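**Q** Provided below are the primary sequence and the corresponding predicted coordinates.
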Amino acid sequence: MEILIFGAGSLGSLVGGLCAREHSVTLVGRDPHIAAVRESGLAVEGAVDFATHTEARTTVPERADLAFVTVKSFDTPAAGRALADCDPEITCSLQNGLGNEELLAAQLDTVLAGICTYGARLASPGRVECTGIGEIALGAPDGGSSAAAERAVEALQSADIDAVHDDGMPKRLWRKLAVNAGINPTTALAGVENGALADGPLHDVASEAAREVARVAREQGIELAEGEAVAALESVVEATARNTSSMAQDVEAGTKTEIDAINGAVVDRAESRVPVNRTLAALVRARERGYPD
Ligand SMILES: NC(=O)C1=CN([C@@H]2O[C@H](COP(=O)(O)OP(=O)(O)OC[C@H]3O[C@@H](n4cnc5c(N)ncnc54)[C@H](OP(=O)(O)O)[C@@H]3O)[C@@H](O)[C@H]2O)C=CC1
Ligand SMILES: CC(C)(CO)C(=O)C(=O)O
């Protein structure tokens, strides 16, 4: 299969590198990483360790069978516009947050939702570190079976990636949103690792944010219980205790966060009051406005 990775930073380089063990892969990203991959190949290190060669470019190629979108959520509209030029047969978001699939579907025909629990970090140009082996779940964004998702899952499995077709992606996306809405802004604002949310006042803040997400999910017709949302949050806190969340890294680095697609998306969709998500979103946005130019 011709697989295109749009946004070959941390996660995209890892998924692209893993796919390149079986498929023809094109990484689309930015220099100096792309220049390094073109010159010396891609080194995947950490929990998996190998070197591979992929095509690497800063613009989309002419065609692709399957495209994975791995830009941050605020770059999704630009990704959709760029991908429309090569019109992949199937496009699948692997991003965090809500709304990415709708933005892509405005430009592209067959769009899938995906959730990836691998961890990745771009160590230096040409080198990506796998910080945790996970799985990729894919499916139709509105749920139900999907022939396109079956094809994409087969492609991933043939590259030895643990992949599943989930016909209940809406619930899976909202459960993941509950986890991110609880962990990401709380760790970012408090400047702590995920494990600091295991108990105490930060646990209460994160859990209440997750409960609000479950309530908003149910307003949207998705049967996510508050207890299930909090249990998902607690299990990720335990499994990723030594992680610095992506939002904590962004705030620390003074770069843009995914707050709009995470807590912002909860506030935008809520019919009832969501004071914890609203407050966390306002505080993270205030931090972003305070970044030096
Ligand atoms: N890293 C991880 O372990 C995981 C990440 N995720 C999710 O995956 C998504 C990606 O995260 P992550 O990989 O960490 O982010 P990164 O910022 O490391 O990677 C995104 C890359 O896309 C590039 N990019 C953005 N726009 C374009 C464009 N128009 N053309 C070419 N390249 C572009 C960015 O370049 P530049 O920065 O220069 O704009 C950056 O290199 C997020 O939604 C995240 O929440 C999910 C699970 C795990
Ligand atoms: C699961 C979690 C919270 C791991 O840190 C994550 O997805 C993130 O940091 O964005």
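**A** Looks like it came in fine. Bear in mind the structure is a predicted one, so any value in this text is a computation, not a measurement. Numbering: from 1, shown residues only. Ligands and ions are numbered 1, 2, ... in the order given.

**Q** I'd like the distance from stretch 16-30 to the chain centre, please.
**A** On the basis of Cα atoms, centre = their mean, to the nearest Å, stretch 16-30 is displaced by 17 Å from the centre of the chain it belongs to.

**Q** what sits up against that stretch?
**A** Applying Cβ atoms under 8 Å, 6 or more residues apart in numbering, the external contacts of stretch 16-30 come out as 1-9, 12-13, 34, 37, 42, 44, 48, 50, 52-61, 64, 68, 82, 128, 155-156, 158-161. Every C-beta, even on glycine, is put in place using the N, C-alpha and C of the backbone.

**Q** start to end distance for it?
**A** For stretch 16-30, the separation between the terminal residues is 15 Å (Cα to Cα, to the nearest Å).

**Q** Counting only strands, which of the contacts of stretch 16-30 make the cut?
**A** By the criterion of DSSP state E, membership of those in strands covers 2-6, 42, 44, 50, 52, 55-57, 68, 128.

**Q** Now, of these, which are buried?
**A** Buried residues within these, defined by neighbour count using 16 or more other Cβ atoms under 10 Å: 2-6, 42, 44, 52, 55-57, 68, 128.

**Q** Closest to ligand 1 out of these?
**A** Distance to ligand 1 across these (Cβ to the nearest ligand atom) is lowest for Phe6, with 6.8 Å.

**Q** Contact partners for Arg269?
**A** 98, 216, 219-220.

**Q** how close does it get to Val251?
**A** 24 Å (Cβ to Cβ, to the nearest Å).

**Q** residues near Asp204, how many?
**A** The number of residues packed around Asp204, counting by other Cβ atoms under 10 Å, is 13.

**Q** Kindly report the same for the one 10 residues further on.
**A** Using other Cβ under 10 Å, the number of residues around Ala214 comes to 23.

**Q** how many other residues sit next to the closest residue to it other than its chain neighbours?
**A** Nearest-residue entry for Ala214: Ala229, 4.0 Å, with adjacent residues in sequence omitted and distances by Cβ to Cβ, 6 or more residues apart in numbering. By other Cβ under 10 Å, the residues close to Ala229 number 26.

**Q** For the helix or strand harbouring Ala229, name the packing helices and strands.
**A** Remark: Ala229 resides in helix 226-239, with elements defined by DSSP states H and E. Other elements packing on helix 226-239 under the criterion 3 or more Cβ pairs under 8 Å, 6 or more residues apart in numbering; DSSP states H and E are helix 169-190, helix 200-219.

**Q** so Pro292 is in which element?
**A** Pro292 belongs to no helix or strand when elements are defined using DSSP H and E.

**Q** Apart from its chain neighbours, what residue comes closest to the closest residue to ligand 2 within the stretch 1-150 of the chain?
**A** For the stretch 1-150 of the chain, the nearest residue to ligand 2 under the criterion Cβ to the nearest ligand atom is Asn96, separated by 5.4 Å. Distance criterion Cβ to Cβ, 6+ apart; nearest residue to Asn96, sequence neighbours excluded, is Asn180 at 5.4 Å.
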